[in-house]
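> Next comes the sequence, and after it the predicted model I'd like to discuss.
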Amino acid sequence: MSEEIKKEEQPIVVDNSNVIEEYKNSQAYIDDVNALKGKWAEAYKADKLPGMVDKEVETRLRARETKTPEQIKFDEYETKLAAMQNQIAEKEVFEMRSKNKELARGKFKEAGLPDTLLDFFVSEDETKTNDNIGIAIEALTGFKTSIKQDALGNNNIKVPGSDVVTDTKTGHGIPVPTSANPKEWEAYHKKVRDFNRNKG
């Protein structure tokens, strides 16, 4: 009889892991979590945040009260100095940008391009500005040539410079293939690589 009692006393084990996993992957779980987060945030704002703000204000006021008048003036001067340093730094950046913009404007005029897009290519760093301007001039000049060729192409008029690479970085004048023939393009890229190797 004691064996029968021992069998009855053993706990019944139920595996709920599948149910829990299904709940965690359901939209109901996400909705429940979001609702709780909203309640927690509101409770935090209502209960804790005002007290924390008051405590920080009080701490700063006490710190100010314990400072001597000289320390207070020193702090004010430090604040003013930091503001002046920020103004000087901003002015220097503005001046560098203006100088670079004027240099870029000259390069755009040399290339016969409008300078309305300069702000997109100019920065306070002169090297970066020169690189950006070189790329922009190359792209816009190519675009200008292709527009002219498209406009005049129906009349069998060839736009000068449309068949020659005007790459400002490499300076080579290797004719660009006009067809989609892969062998012509392969030969073109080989010539450019050889030119760059001999140049360096």
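That came through fine. Keep in mind that this is a model prediction, so the values were computed, not measured.
> How confident was the prediction at Ile12?
Ile12 carries a pLDDT value of 61.
> Show me the shaky parts of this structure.
Per-residue confidence of the chain (counting by pLDDT under 70) places the weak regions at 1-21, 23-24, 64, 152-173, 179-180, 199-200.
> other SSEs contacting the longest helix anywhere in it?
In the chain, taking DSSP state H as the definition, the longest helix is helix 69-110. Packing contacts for helix 69-110, counted by 3 or more C-beta pairs under 8 Å, 6 or more residues apart in numbering; DSSP states H and E, involve helix 126-153. (Glycine included, C-beta is placed from N, CA and C.)
> Please point out which parts of the helix it packs on sit buried.
Across helix 126-153, burial judged by 16 or more other C-beta atoms under 10 Å covers Thr129, Asn132, Ile133, Gly134, Ala136, Ile137, Glu138, Leu140, Thr141, Gly142, Thr145.
> close enough to count as contact, the second one and Asp119?
Spelled out, that is Asn132. No: the pair Asn132 / Asp119 is not scored as a contact, 11.0 Å apart, by C-beta atoms under 8 Å.
> Domains in this structure, by residue range?
91-161, 163-200 (automatic domain parsing).
> separation between Glu90 and Thr127?
According to C-beta to C-beta, to the nearest Å, Glu90 stands 21 Å off from Thr127.
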